[in-house]
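Novice: 3D model of this:
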Amino acid sequence: MEKTIAYAIAVLLVGFGAWILIAGLSSSSPVLWTVVALVPITIGLVSAFGPV
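Specialist: Modelled structure (predicted):
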């Protein structure tokens, strides 16, 4: 059950980062928002596939 919750949180982080990325591409400074979106995406991927 704990692993399921951990993976769900990781998926939510990656989804939140993807949402920032998509919304940021249509903004006035897409490079800034792309960099900002990489933070939650990276944290989500590391928490999903990192060491246990």
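Novice: And the top helix by length along the chain, what does it pack against?
Specialist: The single longest helix within the chain, with elements called by DSSP state H, is helix 2-25. Counting contacts by 3 or more Cβ pairs under 8 Å, 6 or more residues apart in numbering; DSSP states H and E, helix 2-25 packs against helix 30-49. No exception for glycine: its C-beta is placed from N, CA and C like everyone else's.
Novice: Tell me which residues of the helix it packs on come out buried.
Specialist: Under the neighbour-count criterion of 16 or more other Cβ atoms under 10 Å, helix 30-49 has 33, 37, 40, 41, 43, 44 buried.
Novice: ditto for stretch 6-14
Specialist: Buried residues in stretch 6-14, counted by 16+ other Cβ under 10 Å: 10, 13, 14.
Novice: contact partners of the longest helix of the chain?
Specialist: Contact with helix 2-25 is made by 30, 32-34, 36-45, 47-48, as judged by Cβ atoms under 8 Å, 6 or more residues apart in numbering.
Novice: want to throw the buried residues of helix 30-49 into CSV with distance to residue 20?
Specialist: Formatted as CSV, these follow (distance: Cβ to Cβ, whole Å):
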residue, distance to residue 20
33, 6
37, 4
40, 7
41, 9
43, 12
44, 12
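Novice: I'd like these as JSON lines, with pLDDT and distance to residue 26 appended.
Specialist: As requested, those are exported to JSON lines (pLDDT from 0 to 100; distance: Cβ to Cβ, whole Å):
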{"residue": "33", "pLDDT": "94", "distance to residue 26": "9"}
{"residue": "37", "pLDDT": "96", "distance to residue 26": "13"}
{"residue": "40", "pLDDT": "97", "distance to residue 26": "19"}
{"residue": "41", "pLDDT": "97", "distance to residue 26": "18"}
{"residue": "43", "pLDDT": "96", "distance to residue 26": "24"}
{"residue": "44", "pLDDT": "96", "distance to residue 26": "22"}
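Novice: What ranges in the chain fall below the confidence cut-off?
Specialist: For the chain, applying pLDDT under 70 flags the ranges 52.
Novice: again, only using 80
Specialist: Within the chain, the stretches with pLDDT under 80 are 51-52.
Novice: OK, contacts around residue 41?
Specialist: 13, 14, 17, 18, 21.
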